[in-house]
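**Q** sequence below, structure please.
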Amino acid sequence: MAGIIQAPEVFGITPHKVSVCVLLQVYAGPNRACVPYPFSTVSQHNRLGLFLLAHTKSCDDIVDPKLEDLINQLRTIFSSSADWLLDHLTSRLSSLSSPDDLFNFFADMRGILAGFYDGVVEDGQIILDPNSILGIFLRRCILAFNLLPFEGICHVLTNIDFYCKEVLSGCASYEAALDDSGHDLEATSDYENMDLEKLVYEKVTEEIEAKRRAGEKIPFHLHTPTTLIGLVEDFNISAKAKFKESSKAKEASPYAFCVDDSLKDMDGVFLRSNWQIQGFLAEQADAIEKRGSSFSLNAFELMLRQLEKLAPELHRVHFLRYLNSLYHDDYTAALENLHKYFDSSAGTEGLDVASPCVINNHGRFEVALLCQGMLHFHFGHPKQALEVLAEAVQVSQQHHNDSCLAYTLAAICNLLSEIGISSTSPLLRSSYSPIARMGTSFSVQQQLFVLLRGSLKRAESLKLKRLVASNHLTLAKFHLMHVQRPLLSFGPKALMKLKTCPINVCKELRLSSSLITEFGSENSVMTTDGAQSTAWLKNLQKPIGSSVFLEETISGNRPYASSFFAQPSSIPGSVLQHIGSLQLVRATAWEIYGSAPLARINTLAFANCFADHSSSADAALAYGKLIVYLATYKGYKAAFAALKIAEDRFLSVSKSQMLTVKLQLLHEHALHRGQLKVAQQVSNELGVMASPVTGVDMDLKTEASLRHARTLLAAKQFSKAAAVAHSLFCMCYKFNLHVHNASVLLLLAEIHKKSGNAVLGLPYALASLSFCQSLNLDLLKASATLTLAELWLCLGTNHAKRALALIHSALPMILGHGGLELRARACIAEAKCYLSDPSFSVSKDPEMVLDSLRQATEELQLLEYHELAAEAFYLMAITYDKLGRFEEREEAAASFRSHIKALGNPQDEVNHEPM
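**A** Residues are numbered from 1 along each chain as shown. Okay, the predicted model is just below:
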């Protein structure tokens, strides 16, 4: 949850802002040429404009870049004109040695603004629009300089001296300029060495006590009177100042602790405003939510404790500690810090759900309940989460906090969508009137649909754009997994197909993605804390490409200028994270509908475009999908190679998706190779990963039970496998997991087919087909059709033509989107139909059978599926024998024996670990 950022503090002049102004003079100087000197092309000139745009957007960031960093960036981006730019920048900075120089400098800066230009504008001359981002930045700098007292101007000159000293100390021109301005620097140093503590310390104490008695907040940026704040706000104070060495000064300056490692190398202590600290903490909160438990726990906790000690009135520190503990699975510490946060701030900050009404004496108790409910949900306690969120609904209605009510309803919808529930909570019915009016006759899906629609309408009425986009995404998930049913249970029944609606899914995804258009114009991309542009600049030294499957092919001397301009700078990270989640839902939708190429394309789009901006859980899910695709369509060798790379990236993520993917691949591989003990062990480990709480980790529990039943089926324990599958079907039916129901019914049909009871398997295959048609599960429908054909074939040769017709109806979907195993099964089943049909002569058209069997053997050897490969080679040997091709028959028979031997002695392959 993003925090509320307070209004920005005083915009101060810093040496870095002066450097940007110098480069702005170069970009929009008085040169009347079409391409200003020193640029030779329009592209080079535009490149400087993009560079300045990034720096102006990050002007309010907590850390200003050093001059050395700025010089390195200029050298990286500009090649031919870099030397001239650096010489001009350093010489211009070194020439600012007196207050008059600064005054003349900012007076000259007015000339590049369109509104201040008095002369005639020539064709091709470049001037800045005062309302553009660069123009607004320049106007802010000019205004900030005009508001400075004489002492503040001297502080700026001293800071420019320290700013240039490290980089330019060896330059002759700088030394000469320093010698000429020695008298001026001595004058400014007098202001640096003023003994301020005797002047202000008593006034500091009196003002703090007066504000505390009045119940007002003490400004975090400095515990000093307003007069002194106006003097030193946002300026770099020399480390040699006397007040830093005093114990009393530690109370007066909480900035003795630098919150960023990059500040440790500076010669001065940087005073930062409340606005910048809030932006830094908000950026750290985004980083925690993105990186999860891979975020450093102890180091960040130590920094937050020191910050809390220096500024106890900064309540967001408790919120950051809550997030840090939450994502490191420390329930006790998370709950304690959450209570501290709301005890200290009364819920008045830390959540972007500000209500237009005036905060009453109860504070924001409803916001505390919302956070606590989300905490319970994160730790896998859905009942407690639903109870707390239901109470938050009541409190929000009592306090008329419409925004918090909208977010609470959205949280309830997410909770009900993510966990398996058989009925809604009575507390929810009593607290939310639309659910109470529905009564108990409506199903859980209908109640959830009403909640989703209500939450969406409320968010739209309050113009909460990000919540609207989130609700559209949740509605897309709902339409993807649930059959649409009429809400009315009386009156004339209209003819209605009980099927999911892919059109509604695409519509909701499109409406959810429209959030990104809100940040398309230049005026709407001004970020509050400069975090986006700061990240853009930091990515200057990073190579392009975020996929873990890309090898290091970038040479050491490759310029990274293209990487700088390829970084997104205008869209907030939360919006990019939302678009990334939307891309994953779209990939899941195509995966369910059966389009493997589109599913892979959308997953690859996420991995390359949004992985760096999404949470570690989403990134791990995407890479897990890609690894499963590799195993399904390329074989285990490529999948395990990719899994090794992905495990290194997601090594520190708790309950990583990579572990689940690894266990799934190991189980499939063990089953195909006949290693039943290994398969059973892996299946048990997969079941242990799921939470024992009812309704939590339902997908993982279903996956573990399915694999357990398949292991029993491979061991030919048909009754036990059928019992496990039947129990799983009852659980899926209870919790409305209809997609899993189709897979379980297909497994029951497979169990009866292999046990020799094909007649009993037919109803299960037909029921699975019915579920697939209702849910638009096209690929699973093709697999169910194939199983149905195999069942008909098991009933005798008289049904061979019917089975062949069913196979041919499913072949386009299987060959176009099916994996190696499904395609091999279809080829073998087709060959068996031809061989079983009395009207088919193998001698007349042998390739009809042999082509299918050859394709099946090639794909099964990639999977090391010994049982099916042995069956394919057996059919191939029979066909060659009928054709009188004895040499080829012996080769097929030898391959058959090798697979049977490998299947009968799986312990010989145990030492060949796939990982």
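**Q** so Val678 sits against Ala670, correct?
**A** Yes. At 4.2 Å, Val678 counts as touching Ala670 under the criterion of C-beta atoms under 8 Å. To be clear about C-beta, it is placed using only N, CA and C from the backbone, and glycine gets the same treatment.
**Q** higher neighbour count, these two?
**A** Neighbour count, other C-beta atoms under 10 Å: between Val678 and Ala670, Ala670 has more, with 24 against 21.
**Q** may I ask which helix or strand encompasses that one?
**A** Assigned by DSSP states H and E, Ala670 falls within helix 657-673.
**Q** residues touching the nearest residue to Leu89 once chain neighbours are set aside, list them.
**A** Of all residues not flanking Leu89 in the chain, Val22 sits nearest, at 5.5 Å (C-beta to C-beta, 6 or more residues apart in numbering). Val22 makes contact with 88-89, 92-93, according to C-beta atoms under 8 Å, 6 or more residues apart in numbering.
**Q** top of those by number of neighbours, please.
**A** Going by other C-beta under 10 Å, Leu93 tops these with 22 neighbours.
**Q** give me the element that one is part of.
**A** helix 82-94.
**Q** and that helix, what does it pack against?
**A** For helix 82-94, the packing partners by 3 or more C-beta pairs under 8 Å, 6 or more residues apart in numbering; DSSP states H and E come out as helix 15-27, helix 67-77, helix 150-168, helix 172-180.
**Q** redo the ones you listed as CSV? Include mean pLDDT and distance to Leu456.
**A** Formatted as CSV, these follow (pLDDT from 0 to 100; distance: least, C-beta to C-beta, whole Å):
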stretch, mean pLDDT, distance to Leu456
helix 15-27, 87, 43
helix 67-77, 82, 44
helix 150-168, 83, 51
helix 172-180, 48, 62
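**Q** can you give me the strands in this structure?
**A** 236-238, 268-270 (DSSP state E).
**Q** quick check: longest helix of this structure.
**A** helix 573-593 (DSSP state H).
**Q** residues near Ser841, how many?
**A** 11.
**Q** look up how far Thr879 lies from it.
**A** Distance from Ser841 to Thr879, counting by C-beta to C-beta, to the nearest Å: 12 Å.
**Q** give me the phi and psi angles of the closest residue to Val696 other than its chain neighbours.
**A** Closest residue to Val696 apart from its sequence neighbours, by C-beta to C-beta, 6+ apart: Gly380 at 4.6 Å. With angles defined as degrees, to the nearest 10, Gly380 sits at phi 80, psi 40.
**Q** touching, Gly380 and Thr694? I think so.
**A** No. At 10.5 Å, Gly380 does not count as touching Thr694 under the criterion of C-beta under 8 Å.
**Q** can you pull out the helices in the stretch 701-850 of the chain?
**A** 718-734, 738-754, 758-775, 778-794, 800-817, 820-836, 847-863 (DSSP state H, counting those that start in this stretch).
**Q** between the ones you listed, which one is nearest to Ala285?
**A** helix 738-754 (34.8 Å; C-beta to C-beta).
**Q** what packs against the closest one?
**A** helix 698-714, helix 718-734, helix 758-775, helix 778-794.
**Q** from those helices, which stretch is densest packed?
**A** With neighbours taken as mean count of other C-beta atoms under 10 Å, the helices and strands packed on helix 738-754 reach their highest mean count in helix 778-794, at a mean of 24.
**Q** which strands or helices does it pack on?
**A** Helix 778-794 packs on helix 738-754, helix 758-775, helix 800-817, helix 820-836, going by 3+ C-beta pairs under 8 Å, 6+ apart.
**Q** what residue ranges in the stretch 201-350 of the chain score low on pLDDT?
**A** Along the stretch 201-350 of the chain, the parts satisfying pLDDT under 70 run over 201-276, 290-295, 345-350.
**Q** rerun that using 80 as the cut-off
**A** 201-299, 310-315, 327-329, 331, 338-339, 341-350 (pLDDT under 80).
**Q** test my guess that Leu769 contacts Thr785.
**A** Yes. Leu769 lies in contact with Thr785 (C-beta under 8 Å); the separation is 6.9 Å.
**Q** contact partners for Tyr633?
**A** So Tyr633 contacts 596, 819-820 (C-beta under 8 Å, 6+ apart).
**Q** got a quick PyMOL command for the buried subset of those residues?
**A** Selection of buried members from the contacts of Tyr633 for PyMOL, criterion 16 or more other C-beta atoms under 10 Å:
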select buried, resi 596+819+820
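**Q** TSV for the helices of the stretch 701-850 of the chain, including mean pLDDT?
**A** Below are the helices of the stretch 701-850 of the chain laid out as TSV (pLDDT from 0 to 100):
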stretch	mean pLDDT
helix 718-734	93
helix 738-754	94
helix 758-775	93
helix 778-794	94
helix 800-817	94
helix 820-836	94
helix 847-863	92
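**Q** among those, which comes closest to Leu665?
**A** Judging those by C-beta to C-beta, what sits closest to Leu665 is helix 847-863, at 11.3 Å.
**Q** what residues does that closest one touch?
**A** Applying C-beta under 8 Å, 6+ apart, the contact partners of helix 847-863 are 634-637, 672, 820-821, 823-825, 827-828, 830-831, 834-835, 840, 842, 868-869, 872-873, 875-876, 879, 895.
**Q** are any of those buried, and which?
**A** Among those, those classed as buried by 16+ other C-beta under 10 Å are 635-636, 672, 820-821, 823-825, 827-828, 830-831, 834-835, 840, 842, 868-869, 872-873, 875-876, 879, 895.
**Q** could you dump the helices and strands packed on helix 778-794 into JSON lines and include distance to Leu850?
**A** Shown next, in JSON lines, are these (distance: least, C-beta to C-beta, whole Å):
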{"stretch": "helix 738-754", "distance to Leu850": "25"}
{"stretch": "helix 758-775", "distance to Leu850": "27"}
{"stretch": "helix 800-817", "distance to Leu850": "17"}
{"stretch": "helix 820-836", "distance to Leu850": "8"}
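**Q** among those, which is nearest Leu314?
**A** helix 738-754 (47.2 Å).
**Q** between the closest one and helix 758-775, how many degrees?
**A** Angle of helix 738-754 versus helix 758-775, following axes from the mean of the first three to the mean of the last three C-alpha atoms, to 10 degrees, is 160 degrees.
**Q** tilt between helix 738-754 and helix 698-714?
**A** Using the same axes, to 10 degrees: helix 738-754 against helix 698-714 is 0 degrees.
**Q** how many neighbours does Thr332 have?
**A** Residues contacting Thr332 under the criterion other C-beta under 10 Å number 8.
**Q** swap in the one 5 residues further on?
**A** As a burial measure, the neighbour count of Asn337 was computed by other C-beta under 10 Å and equals 22.
**Q** how about Leu50?
**A** 13.
**Q** in the stretch 601-750 of the chain, where is pLDDT below threshold?
**A** Those would be 612-613, 615-616, 648-657, 695, if you go by pLDDT under 80 across the stretch 601-750 of the chain.
**Q** could you find the closest non-adjacent residue to His381?
**A** Closest to His381 by C-beta to C-beta, 6+ apart is Val693, at 6.7 Å.
**Q** how much space is there between that neighbour and Ile419?
**A** Plainly put, Val693 is 9 Å away from Ile419 if you go by C-beta to C-beta.
**Q** can you check Lys753 too?
**A** 34 Å.
**Q** again with Cys609
**A** As judged by C-beta to C-beta, Cys609 and Ile419 stand 30 Å apart.
**Q** equivalent analysis for Thr785, please.
**A** Thr785 is 33 Å from Ile419, by C-beta to C-beta.
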